[in-house]
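1. I would like the atomic coordinates for the input below:
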Amino acid sequence: MASAMLSSSMLCQVQGLRASARASAPQRALRLEVSSKNIQTLEGKVVSTKNSKTVIVNVLSRYPHPKYKKMTSSTKRYYVHDEDEEAAEGDVVRIEATGRALSKSKRWVVAEICGQKGCDPNQN
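-> Numbering: from 1, shown residues only. You can find the predicted model right below:
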């Protein structure tokens with residue numbers, strides 16, 4: 001009865017959505033890879049490596065005050081996943097946001113370890 005009320009073009013669209021929802025796991029993974037073009041990246045300094053496969057990174061952000069235009073700085077601590085435990089305290093690292101949460105507080109992964117000097121600003 002409900003399908004009789006839908007036009008044929010709307011019915012095809014609904015059936016297409018249902019078919020895409022039943023896609024196999026490799027097809028879904030491929031779709032996720034294609035959609036993740038704009039990955040948020042930040043650069044910060046490792047302040048703690050005491051946890052297993054987790055580093056804590058301080059990210060410094062500088063911005064002008066909205067009214068007085070004086071440059072203001074603030075830091076934020078991110079819990080970052082480091083699978084190989086390569087980062088050491090004091091290293092500058094580039095981190096990337098993940099598509100989903102890895103744990104209660106981890107939503108970032110180490111993308112590149114730049115050492116003590118810092119990352120190349122021309123590289124994305």
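2. where does residue 14 land on pLDDT?
-> For residue 14, the model assigns a pLDDT of 48.
3. so where's the chain uncertain?
-> Applying pLDDT under 70 to the chain flags the ranges 1-37, 121-124.
4. where's the nearest residue to residue 85 once chain neighbours are set aside relative to residue 102, distance?
-> Spatially, and ignoring its direct neighbours in sequence, residue 85 is nearest to residue 53 (6.2 Å; C-beta to C-beta, 6 or more residues apart in numbering). Glycine gets a C-beta too; all of them are placed from N, C-alpha and C. According to C-beta to C-beta, to the nearest Å, residue 53 stands 10 Å off from residue 102.
5. again, but for residue 94
-> In terms of C-beta to C-beta, residue 94 sits 17 Å off from residue 102.
6. for residue 51, same thing?
-> 12 Å.
7. out of these two, which sits in the busier spot?
-> Higher neighbour count among residue 51 and residue 102: residue 102, with 15 against 12, using other C-beta atoms under 10 Å.
8. Surely the more buried one is within a strand?
-> No. Read with DSSP: H, G, I helix; E, B strand; the rest coil, residue 102 is coil and lies in no strand.
9. now the residue nearest to it when sequence neighbours are not counted, which residues is it bridged with?
-> Leaving aside its chain neighbours, residue 102 sits nearest to residue 81 (5.3 Å; criterion: C-beta to C-beta, 6+ apart). Here residue 81 sits in beta bridges with residue 54, residue 109, as judged by DSSP bridges.
10. quick one: contacts for residue 43?
-> Neighbouring residues of residue 43 by C-beta atoms under 8 Å, 6 or more residues apart in numbering: 59, 92, 93, 94, 95, 114, 118, 119.
11. All good on my end, thank you.
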